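Asker: Build me a structure from this.
(2 chains)
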Number of protein chains: 2
Amino acid sequence: VTTTAVDGFVANGVHCGIKESGALDLALVATADRQPVAAAGVFTSNLATAAPVAVSREHLHRSGGHAVAVILNSGNANAATGATGYDDAERMCALAAEAIGCEPQHVLVCSTGLIGIPLPLKAVESGIGALVDGLSNEGGNAAAEAIRTTDTVRKQTVVDVDGCRVAGMAKGAAMLAPNMATMLAVLTTNASVHPTVLRGTLAAAVNDSFNALSVDGCTSTNDTVLVLARGAGGDVALAALRDATSKACADLATQMAADAEGATKVIRVRVKGARSAADAYTAARKVAESQLVKCSFYGEDPYWGRVVSELGSAGVGFDPDLVEVAYGGTVVCAAGIATPYDDVAVRAHLAERTVELTADLGLGRGEATVLTNDLTPGYIDENKRTS
Amino acid sequence: VTTTAVDGFVANGVHCGIKESGALDLALVATADRQPVAAAGVFTSNLATAAPVAVSREHLHRSGGHAVAVILNSGNANAATGATGYDDAERMCALAAEAIGCEPQHVLVCSTGLIGIPLPLKAVESGIGALVDGLSNEGGNAAAEAIRTTDTVRKQTVVDVDGCRVAGMAKGAAMLAPNMATMLAVLTTNASVHPTVLRGTLAAAVNDSFNALSVDGCTSTNDTVLVLARGAGGDVALAALRDATSKACADLATQMAADAEGATKVIRVRVKGARSAADAYTAARKVAESQLVKCSFYGEDPYWGRVVSELGSAGVGFDPDLVEVAYGGTVVCAAGIATPYDDVAVRAHLAERTVELTADLGLGRGEATVLTNDLTPGYIDENKRTS
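Answerer: Model (predicted):
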């Protein structure tokens, strides 16, 4: 399944030696016929951009939005590695290009893992033969396996809308994870679409999915979402592509939230009644990234005072006399003050695996939802040491 | 000591019944002769402003910056309590004014504790007599004790500069603490100064002290810093007042950082070489508030990659090829990449109680320092439940 669930794509994952554990650490997704197809990417906004991000961006630019393959490694982020890191990322593309028979600029590259450690290029070199030899249209699982870091499960999706199929794999257990790092996603589709349109479709889908996910408020140096459009699907409607891409991204983002480091719960923070959608997003993100709010969710404690405090300091339009807060639909704060509520119902909702927090600012029609998690001792334990 | 270390001020702290534990929960600081003196305040920027903040602000406005007394309670924040909360805060001032014999507008009020619970005014009413009867020039300790919430120690300071004395008490174990909340501080001084000048002096001191402290990135609904200037010190130079006020605020802020919830370390995050001081402050705060960076400090792990990643996503001028990172003066990242360093020295520094992190952006002369703490299971434990 996953990336190879779309006809015409092959993939594979192998262990090349980057991870000492012996786990899979090198992946490749490619067109079966080695011909370039429309491709697009959305990358991290972090100015401490990792080398593979810079190289993928450059390759998409040079090729006018076309690619044959994506090579990915886990266990090393190739970030904060300077000019050598850039050369190493280029070399990864060249190795893959040579082995599969295409131009280096038609290979995109993603890395995830520790920041600041030179990429062990010899490991990649030693693994590239087996990686390419094993490419198959059943290789999607192995590829998804090979990009895992602290992810406890593979993240994969297949979405069909009116003949348009979008399939994908992703990794990410924190926006910037513990030892390891980053969220990566590679999507494939059968749609036939111009690279520019593909780019816009992907950006819109990412905005409503991965960008609406904040495990810990940390934006990685390596975040990358790529899509390759095979174009074999004939006349797939653009609306279908948009819908399928959005659903695939949303599915993968939800899987990430569910597998976030140390988390025991997925929290869906919805802000409505804001002056604008942008205000709603800013406010939802402020609440979602609040250490104190996240601690309350871990303790299953309906302490809405912290939510109101975060809304009041989010830097958006706010009137303390209008705000309403609800857990799982049960209003606990109305017109800015405590209101009698069914304590049993609220406690029962907070004890669930997925919790819904809704804040209505009462000022307008702006609305946004951000996914996050509770903050737990497990998160600290996973992140306190790199080794 | 503390607020009563300045001649002409009296104080007291009693248990009136807000805290079920029986601990002191009501405090008063007043001029010994019940005459109004120059007073100024700096308040939270949170739009979910607590009632006592609104009332103190209003009283300072109406009185043209003069006050006789400050009444404070712990155990209840009187925040998100609506119009009733506002009336309750006014009533606290009126009770104190009646008991000590002054105008209500000459009484300022601070509350700290749980948000969203109506203030138990009856407790305050029952305690006011004993509170005022017990006012003395040795009562500073009791007052400082009565404003504690999760603080494990009283926070007090006395600073003398060229004949100017600034004394003070404060509470705060998180910007917005667990069950309880907030940072509060009350300063007294012997200086003779116009309220407007006093306000400016206080604002500058707060900016470099409390505003440069971020335990968890949460801005409370109740944050308040007040100063009362007795004016009995004769011709104290303004420079001395400025210096003493800054030192007193810095001392109290450092005590807060040292006593932050669950923290095992105080981290001094210094950013230099930024394009401006504002950029440096923004970047330092981004690093200081990063969950991942704080986890690394808890684990005493020199994972500078996370620091670079936060700097790159701080939204300020940043060049990944110029950044330098040092722990306790030992450079671990130069020109944006790993550099050989004395691992023993760095590990030894990270094992200390106070850790110095310096990041040089290499772009300009902007510089700022923000105090923070490590993120620990203890913080989560203190904050997961209000009861």
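
Asker: list the contacts for residue A:34?
Answerer: A:68, A:100-102 (Cβ atoms under 8 Å, 6 or more residues apart in numbering or on different chains). No exception for glycine: its C-beta is placed from N, CA and C like everyone else's.

Asker: what do you get for residue A:380?
Answerer: A:262, B:295, B:298, B:375-377, B:380.

Asker: Which members of the residues you listed are classed as buried?
Answerer: Those of the contacts of residue A:380 that meet the buried threshold are A:262, B:295, B:298, B:375-377, B:380, by 16 or more other Cβ atoms under 10 Å in any protein chain shown.

Asker: Now flag whichever of those is closest to residue A:250.
Answerer: The shortest gap between residue A:250 and any of the buried ones among the contacts of residue A:380 belongs to residue A:262, at 23.1 Å (Cβ to Cβ).

Asker: re earlier: reformat the contacts of residue A:380 into TSV and put distance to residue A:137 next to each item.
Answerer: Below are the contacts of residue A:380 laid out as TSV (distance: Cβ to Cβ, whole Å):
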residue	distance to residue A:137
A:262	36
B:295	41
B:298	46
B:375	45
B:376	48
B:377	46
B:380	46
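
Asker: List the single closest residue to residue A:328 in space, sequence neighbours excluded.
Answerer: In this structure, residue A:328 finds its nearest non-sequential neighbour in residue A:349, 3.3 Å apart by Cβ to Cβ, 6 or more residues apart in numbering or on different chains.

Asker: The one you found: neighbour count?
Answerer: Using other Cβ atoms under 10 Å in any protein chain shown, residue A:349 has 20 neighbouring residues.

Asker: Over to residue A:94?
Answerer: Residues near residue A:94, counting by other Cβ under 10 Å: 14.

Asker: can you list the contacts of residue A:380 in a markdown table and add pLDDT?
Answerer: Formatted as a markdown table, the contacts of residue A:380 follow (pLDDT from 0 to 100):
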| residue | pLDDT |
| --- | --- |
| A:262 | 83 |
| B:295 | 91 |
| B:298 | 94 |
| B:375 | 90 |
| B:376 | 91 |
| B:377 | 91 |
| B:380 | 85 |
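
Asker: re the thing from before, let's see if you can find the most crowded of the contacts of residue A:34.
Answerer: Among the contacts of residue A:34, residue A:68 has the most neighbours (other Cβ under 10 Å), with 25 neighbours.

Asker: And that residue, how close does it get to chain B?
Answerer: Separation of residue A:68 from chain B (Cβ to the nearest Cβ, to the nearest Å) stands at 29 Å.

Asker: Surely that residue touches residue A:102?
Answerer: Yes: judged on Cβ atoms under 8 Å, residue A:68 makes contact with residue A:102 at a distance of 4.3 Å.

Asker: Tell me which residue in the stretch 101-250 of chain A sits closest to chain B.
Answerer: residue A:115 (2.7 Å; Cβ to the nearest Cβ).

Asker: which residue sits closest to that residue, ignoring its sequence neighbours?
Answerer: The shortest distance from residue A:115 to any non-neighbouring residue, by Cβ to Cβ, 6+ apart, is to residue B:305 (2.7 Å).

Asker: ok, back up a step: show me the buried ones among the contacts of residue A:380 that map onto strands.
Answerer: Taking DSSP state E, every one of the buried ones among the contacts of residue A:380 sits outside strands.

Asker: Please enumerate the shared neighbours of residue A:68 and residue A:102.
Answerer: Common neighbours of residue A:68 and residue A:102 (Cβ under 8 Å, 6+ apart) are A:34, A:36.

Asker: Show me the two of the contacts of residue A:34 that sit farthest apart.
Answerer: Greatest spacing in those, by Cβ to Cβ: A:68 and A:101 (8.8 Å).

Asker: Check residue A:215 and give its pLDDT.
Answerer: The score at residue A:215 is 67. That number is its pLDDT.

Asker: got it, and residue A:30?
Answerer: At residue A:30, pLDDT is 94.

Asker: so it makes contact with residue A:68?
Answerer: Yes: contact criterion Cβ under 8 Å: residue A:30 and residue A:68 qualify, at 5.8 Å.

Asker: which residues do the two both contact?
Answerer: By Cβ under 8 Å, 6+ apart, the residues touching both residue A:30 and residue A:68 are residue A:100.

Asker: on that earlier part again, show me what counts as buried in the helix or strand that the residue nearest to residue A:328 is a member of.
Answerer: Using DSSP states H and E, residue A:349 maps to helix A:343-350. Judged by neighbour count using 16+ other Cβ under 10 Å, the buried positions of helix A:343-350 are A:346, A:349-350.

Asker: Residues touching that helix, excluding its own?
Answerer: A:297, A:300-302, A:327-328, A:330, A:332, A:355-356.

Asker: Can you tell me which of these is nearest residue B:192?
Answerer: Residue B:192 lies nearest to residue A:301 out of the contacts of helix A:343-350, by Cβ to Cβ, at 49.0 Å.

Asker: State the phi and psi torsions of the nearest residue to the closest one once chain neighbours are set aside.
Answerer: Of all residues not flanking residue A:301 in the chain, residue B:385 sits nearest, at 4.6 Å (Cβ to Cβ, 6+ apart). In terms of degrees, to the nearest 10, the main-chain angles of residue B:385 are phi -140, psi 140.

Asker: burial count for residue B:385?
Answerer: The burial count for residue B:385: 15, using other Cβ under 10 Å.

Asker: got the contact list for it?
Answerer: By Cβ under 8 Å, 6+ apart, the contact list for residue B:385 reads A:296, A:299-301.

Asker: Check what pLDDT it gets.
Answerer: Confidence at residue B:385, expressed as pLDDT, is 81.

Asker: Quick check: it vs residue B:373, distance?
Answerer: Residue B:385 is 21 Å from residue B:373, where distance means Cβ to Cβ, to the nearest Å.

Asker: helix or strand for the spatially closest residue to residue A:224 that is not a sequence neighbour, which one?
Answerer: Spatial nearest neighbour of residue A:224, excluding adjacent residues (Cβ to Cβ, 6+ apart): residue A:110 at 4.9 Å. Using DSSP H and E, residue A:110 sits in strand A:107-114.

Asker: before we move on, what about residue A:72?
Answerer: Per DSSP H and E: residue A:72 is located in strand A:69-76.

Asker: Of all the residues in that strand, which ones are buried?
Answerer: Neighbour counts using 16+ other Cβ under 10 Å place A:69-76 of strand A:69-76 among the buried residues.

Asker: Closest one to chain B out of those residues, please.
Answerer: For these, the closest approach to chain B (Cβ to the nearest Cβ) belongs to residue A:76, at 11.0 Å.

Asker: Quick check: closest non-adjacent residue to that closest one.
Answerer: Nearest one to residue A:76, counting by Cβ to Cβ, 6+ apart, is residue A:113 at 4.2 Å.

Asker: for residue A:362, same thing?
Answerer: Going by Cβ to Cβ, 6+ apart, residue A:362 has residue A:322 as its nearest residue, at 3.4 Å.

Asker: And what about the one you found, helix, strand or coil?
Answerer: coil (DSSP: H, G, I helix; E, B strand; the rest coil).

Asker: contacting residues for it?
Answerer: Counting by Cβ under 8 Å, 6+ apart, residue A:322 makes contact with A:273, A:335-336, A:361-363.

Asker: Tell me the pLDDT of the closest residue to residue A:241 other than its chain neighbours.
Answerer: Nearest residue to residue A:241 in three dimensions, chain neighbours excluded: residue A:191, at 4.4 Å (Cβ to Cβ, 6+ apart). Here the pLDDT value assigned to residue A:191 is 86.

Asker: With residue A:182 instead?
Answerer: According to the model, residue A:182 carries a pLDDT of 59.
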